[in-house]
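> Model the following, please.
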Amino acid sequence: MKKSAAVLAATLVTLTGFAFPLTGASAQVSPARPGIDPSEWCSNQAPPCVVAASRNGVAITQSDPTYAVSAAGSKQSDGEFLTQWSIVDAQIHGTYGTLAPGDAGVPFSITIDVGRHSPRVLDEYAAGVSVSKTFNGRAGIWDVTVSGTAVEQGVNADCNATAWTCPFNETNTVVLFSGEIGDWQQWPDSAQWNDFNGLDQWTNVELTEIPPQISGNPLSITEQLGNSHELNGVVFDGSWSAVLPNAVLVDMGINDPSTLTPAGISAGAGTGTVTVTPGATSTEIAISGITFSHRTVRIRRGSITPNAPTGLKTRRASKTVAYVSFRAARPRGSFVRSYEARCSARHHPTRYGTGSRSAVKVTKLAASVSYMCQVRAKSAVGYGRWSSARKLAPRA
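As a prediction, this is how the structure comes out:
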């Protein structure tokens with residue numbers, strides 16, 4: 001996997017004062033074959049280096065005759081420190097580093113010491129990825145553990161990275177468990193670096209736009225994908241997943257990520273099944289069953305207006321004044337700022353009132369008229385749905 005240094009100069013854009021489109025570049029399977037290089041283990045060299053690795057729960061050692069584990073990092077011309085890592089089968093000879101065909105779907109894990117470079121953003125050729133990070137405060141260094149399963153994909157050197165197209169049926173395949181770890185210091189505003197801490201994406205797709213295109217206010221994300229429709233005569237089942245940390249969700253206009261629901265993220269690739277799973281500190285987006293060729297992943301803010309208030313009650317305070325009380329609306333990704341009540345009756349003007357909480361006062365009512373009253377909640381992104389109606393009796 002290779003990132004374009006020109007692209008990485010600026011990637012994700014937060015909404016503090018600016019937002020503009022950025023263009024990514026396709027990731028490529030590196031033609032270089034990593035050998036069994038003990039110098040890349042931490043017992044032989046300074047970070048970045050390999051701390052540990054395993055296949056299906058069994059440790060891979062630095063002298064393992066089958067598996068070559070590598071980790072190498074360098075400062076990019078744009079200012080980012082980028083660590084690239086992989087596990088390949090050293091017994092398989094050919095142009096491209098790969099695992100054995102039987103390793104597809106097998107769990108692998110690697111732990112990398114990235115030194116003092118904060119591991120903010122990761123991406124992988126893998127499936128079912130989980131990431132854990134450990135900071136040694138005394139030494140000031142980070143260990144990053146990436147776990148997941150190896151994936152089979154076509155060799156994307158056979159694809160057109162400009163048109164995002166690949167051969168209809170790819171017969172040249174590799175099995176990969178590899179990735180990158182970046183400190184994101186290419187971003188020009190150092191105060192915003194940590195907004196992206198925890199951003200991760202993984203896929204089995206041949207061509208992926210790393211980094212994606214980011215634009216708009218609020219922020220939205222698009223990423224180009226390209227793949228063969230078939231691998232060795234079998235329809236390819238593409239997958240793409242990402243973890244968006246809460247700080248990125250805030251940049252997408254979701255100012256209360258703790259209350260986000262799956263409807264709060266709109267995501268898709270034009271095909272496949274989308275699953276959105278909000279969590280305490282981040283939200284995971286998984287798209288499975290992607291068929292090809294060229295596809296575009298699109299992620300933007302979805303529906304985050306509040307739910308309707310419930311439990312309405314009405315009472316007349318006088319002939320022309322009423323109060324509508326209710327249970328607070330449940331937010332869905334954006335804080336509730338205020339409420340609006342309305343009372344309507346046939347052949348009479350609808351009367352409105354606003355307030356920051358229950359109960360909301362409604363004035364200028366007709367004394368001898370029966371009204372039906374409703375309430376809705378308002379957040380930074382607008383009003384939610386009106387509640388069920390409750391009758392307000394007339395007053396003589």
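> On the three-state scheme, residue 263 is what?
Secondary structure, DSSP: H, G, I helix; E, B strand; the rest coil: residue 263 is helix.
> meant to ask about residue 59, not that
Assignment for residue 59 (three-state DSSP): strand.
> need the strands for the stretch 251-396 of the chain, in chain order.
Using DSSP state E, counting those that start in this stretch, the strands of the stretch 251-396 of the chain run over 265-268, 273-278, 282-290, 295-301, 310-316, 322-327, 336-345, 348-355, 360-362, 371-379, 382-383, 390-392.
> what are the pairing partners of the shortest one, and which direction each?
The reference is to strand 382-383. strand 371-379 (antiparallel) (DSSP bridges).
> what's the angle between the strand it pairs with and strand 322-327?
Here strand 371-379 runs at an angle of 50 degrees relative to strand 322-327 (axes from the mean of the first three to the mean of the last three C-alpha atoms, to 10 degrees).
> CA atoms only for strand 371-379 - export them in CSV, please.
Extracted C-alpha coordinates of strand 371-379, given in CSV (Å, rounded to 0.1, in the frame of the first residue of the first chain):
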residue,chain,number,x,y,z
TYR,A,371,-57.6,23.8,20.3
MET,A,372,-55.3,20.9,19.4
CYS,A,373,-51.8,21.5,20.6
GLN,A,374,-48.4,20.1,19.6
VAL,A,375,-44.8,20.6,20.4
ARG,A,376,-41.5,20.1,18.5
ALA,A,377,-37.9,20.5,19.5
LYS,A,378,-35.2,22.5,17.7
SER,A,379,-31.5,21.8,17.5
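> now it, how far from the centre of its chain.
Its chain's C-alpha centre and that of strand 371-379 lie 34 Å apart, by C-alpha atoms, centre = their mean, to the nearest Å.
> got it, and stretch 168-188?
16 Å.
> Columns mean neighbour count on top of the strands of the stretch 251-396 of the chain, output as CSV?
(C-beta placed from N, C-alpha, C; glycine too.) Below are the strands of the stretch 251-396 of the chain laid out as CSV (neighbours: other C-beta atoms under 10 Å):
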stretch, mean neighbour count
strand 265-268, 19
strand 273-278, 16
strand 282-290, 19
strand 295-301, 20
strand 310-316, 16
strand 322-327, 21
strand 336-345, 20
strand 348-355, 15
strand 360-362, 21
strand 371-379, 22
strand 382-383, 12
strand 390-392, 18
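> out of those, nearest to residue 151?
strand 282-290 (12.5 Å; C-beta to C-beta).
> just so I know, which of the strands of the stretch 251-396 of the chain lies nearest residue 195?
Here strand 282-290 is closest among the strands of the stretch 251-396 of the chain (C-beta to C-beta), at 12.2 Å.
> For the closest one, which outside residues touch it?
Strand 282-290 has contacts (C-beta atoms under 8 Å, 6 or more residues apart in numbering) with 198, 205, 225, 227, 237-246, 249, 257, 260, 265, 267-269, 271-277, 297, 299.
> Please, which helix or strand holds residue 131?
Secondary-structure element containing residue 131, defined by DSSP states H and E: strand 127-136.
> what's that strand packed up against?
For strand 127-136, the elements it packs on are strand 141-149, strand 199-203, judged by 3 or more C-beta pairs under 8 Å, 6 or more residues apart in numbering; DSSP states H and E.
> Comparing those strands, which comes out most buried?
Highest mean neighbour count of those: strand 199-203, a mean of 24 (counted as mean count of other C-beta atoms under 10 Å).
> Using CSV, write down the CA coordinates of it.
Presented in CSV, the C-alpha positions along strand 199-203 are these (Å, rounded to 0.1, in the frame of the first residue of the first chain):
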residue,chain,number,x,y,z
LEU,A,199,-9.6,7.7,12.3
ASP,A,200,-9.2,4.3,10.7
GLN,A,201,-10.3,2.6,7.5
TRP,A,202,-9.9,-0.9,6.1
THR,A,203,-10.9,-2.6,2.9
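> And that strand, what does it pack against?
Short answer (3+ C-beta pairs under 8 Å, 6+ apart): strand 199-203 packs on strand 121-125, strand 127-136, strand 238-245.
> Report the mean per-residue pLDDT for stretch 51-70.
Per-residue pLDDT over stretch 51-70 has a mean of 96.
> Between the two ends of it, what distance do you get?
10 Å (C-alpha to C-alpha, to the nearest Å).
> for that stretch, which positions count as buried?
51, 52, 53, 54, 55, 60, 62, 67, 68, 69, 70 (16 or more other C-beta atoms under 10 Å).
> Kindly report the same for stretch 94-104.
96, 97, 98, 99, 103, 104.
> From residue 159, how far out is the fifth one?
In this structure, residue 103 and residue 159 are separated by 23 Å, where distance is defined by C-beta to C-beta, to the nearest Å.
> repeat for residue 78
From residue 78 across to residue 159, the span is 25 Å (C-beta to C-beta).
> Give me the more crowded residue out of those two.
For residue 78 versus residue 159, neighbours defined as other C-beta atoms under 10 Å are more numerous around residue 159 (22 against 19).
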